[in-house]
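*Asks:* With the input below, show me the fold.
(2 chains)
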Number of protein chains: 2
Amino acid sequence: MTEAQLIASIVDRVLARIGEADPRQVIVGISNRHVPLSAADFQTLFGYPAPKVKKHVRQHGEFAAEETVTLHGPKGAMTRVRVMGPNRPQTQVELSRTDCFALGIDAPMAQSGHLADAAPIEIEGPAGRISPEHAVIVAGRHIHMGPGEAAALGVRDQDRVSVLFGGERGGRLDNFLVRVKDSYLLELHLDTDEGNAIGARTGDIVRICKD
Amino acid sequence: MTEAQLIASIVDRVLARIGEADPRQVIVGISNRHVPLSAADFQTLFGYPAPKVKKHVRQHGEFAAEETVTLHGPKGAMTRVRVMGPNRPQTQVELSRTDCFALGIDAPMAQSGHLADAAPIEIEGPAGRISPEHAVIVAGRHIHMGPGEAAALGVRDQDRVSVLFGGERGGRLDNFLVRVKDSYLLELHLDTDEGNAIGARTGDIVRICKD
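*Replies:* Purely as a prediction, here's the structure:
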């Protein structure tokens, strides 16, 4: 068991305890801009087949990679953008709306993997460049959970829920997409614009409300 | 009457009509990073006494200036940051939390003019540099209104209210500070992080709720 897995395990046990008191409580994860790549694109950009693990994240098997890329848009470039592993079927670039303005890219809000309307971008790595036609999205708010948690909350995969945030910048954000899979750990994902605006940080505990 | 004043006048008349139906409706203004300067600091940075009008904003007498500055923080610089006029008693740098991360500045959330805990920064102009010790804040959400609008809503200066936002990224943001002055036009101010996160743009009409 790695340190990251140990921490995840402890967090889950603490959350399970909290959950006994209130199944609506959920842990926050703020996603900075990141890039999961297809195996072919990874090979082109880096000259070898797969990313190296820098740090495991909360969801099983996913990790921030040692590798970073440079993004090029019509208005600017962004260096040291983190690659996420493992490789996926499609290359996807998840940016905040603020990032999109800085790069001059008009990207749709979409859920991960829904790239039909995603915007074009140029991605530069140490061994090459790619220019995917449909890659950039602003990720829609969502909550990962397992079937047990979904049952406890009375929600199903693809439902929408609202979430309450406390503090000086608090409020209620609506339209979180519920995503249920056996492998998912309970976790709410926001991008950096959302986290900054609502005053939330990775590790905060917030409360789901269904109205 | 300038074009900006004409537009403001038309907007006010439209809003007055909307207001007859529902006094809780308010127009959104998104504030990008900006810098109002003291007269002494303006002189040091530009070599002449006062900023030139580029574009009037909605609140009477205030304007985006022709002049811009470069901001320097421990982690980076930000060019072409807009000066706001007219000059004020104190130099103040209003940034989003995203801007603060980019510059490496740990600034407090505060209301405009409350600079006791504001963070230090270096500001560069074409004629000189200044390094104010207490200048940088992340501006707290607030709503400008005149006494008539405050009375119609049943709120007072310094009250806190919540506001509902529609759309895919909608929700409710809490703790807007109510600021009442005879000269104020009804307008809700958010920074770019908040606007991006809640899917709101300048000119949107949203609804105040008091709970």
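*Asks:* Quick check: residues of chain A near chain B?
*Replies:* Counting by CB under 8 Å from any CB of the partner chain, the residues of chain A close to chain B are A:96-98, A:109, A:140-141, A:162, A:168-175, A:191-194, A:196-198. Bear in mind the C-beta positions are built from the backbone N, C-alpha and C, glycine included.
*Asks:* hmm, try it at 6 Å
*Replies:* Residues of chain A lying close to chain B by CB under 6 Å from any CB of the partner chain are A:97-98, A:168, A:170-175, A:193-194, A:196-197.
*Asks:* Just give me the closest of those to B:Asn32.
*Replies:* A:Thr98 (10.5 Å; CB to CB).
*Asks:* Let me know the secondary structure of A:Ala150.
*Replies:* Each residue gets one of three states, and A:Ala150 gets helix by DSSP: H, G, I helix; E, B strand; the rest coil.
*Asks:* measure it to chain B for me?
*Replies:* 22 Å (CB to the nearest CB, to the nearest Å).
*Asks:* That residue: what's it in contact with?
*Replies:* A:Val180 (CB atoms under 6 Å, 6 or more residues apart in numbering or on different chains).
*Asks:* please redo it, this time with the cut-off set to 8 Å
*Replies:* A:Ala150 sits next to A:156-157, A:178, A:180 when contact means CB atoms under 8 Å, 6 or more residues apart in numbering or on different chains.
*Asks:* for A:Val83, same thing?
*Replies:* Counting by CB under 8 Å, 6+ apart, A:Val83 has contacts A:34-37, A:42, A:51, A:64-65, A:67-69.
*Asks:* Out of those, which two sit at the greatest distance?
*Replies:* A:Phe42 and A:Ala64 (14.6 Å).
*Asks:* And the contacts of A:Ala150, which is closest to chain B?
*Replies:* Distance to chain B, by CB to the nearest CB, is smallest for A:Val178 among the contacts of A:Ala150, at 15.3 Å.
*Asks:* residues in contact with the closest one?
*Replies:* A:142-143, A:145, A:150, A:155-161.
*Asks:* where does chain A have low pLDDT?
*Replies:* Regions of chain A meeting the criterion pLDDT under 70 cover residues A:1-2, A:4-5, A:8, A:11-13, A:15-21, A:211.
*Asks:* export the longest strand anywhere in it as PDB, just CAs?
*Replies:* Ordering each strand of chain A by length in residues (DSSP state E) puts strand A:76-88 first. C-alpha atoms of strand A:76-88 as PDB (Å, rounded to 0.1, in the frame of the first residue of the first chain):
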ATOM      1  CA  GLY A  76      -1.400  32.500 -25.600                       C
ATOM      2  CA  ALA A  77       0.300  29.500 -24.200                       C
ATOM      3  CA  MET A  78       0.200  27.700 -20.900                       C
ATOM      4  CA  THR A  79       3.300  25.700 -19.700                       C
ATOM      5  CA  ARG A  80       3.600  22.800 -17.300                       C
ATOM      6  CA  VAL A  81       0.000  21.600 -17.600                       C
ATOM      7  CA  ARG A  82      -0.200  18.300 -15.800                       C
ATOM      8  CA  VAL A  83      -0.800  15.000 -17.700                       C
ATOM      9  CA  MET A  84      -3.200  12.600 -15.900                       C
ATOM     10  CA  GLY A  85      -2.800   8.900 -16.100                       C
ATOM     11  CA  PRO A  86      -3.400   6.200 -17.100                       C
ATOM     12  CA  ASN A  87      -3.900   6.800 -20.900                       C
ATOM     13  CA  ARG A  88      -7.500   6.900 -22.100                       C
END
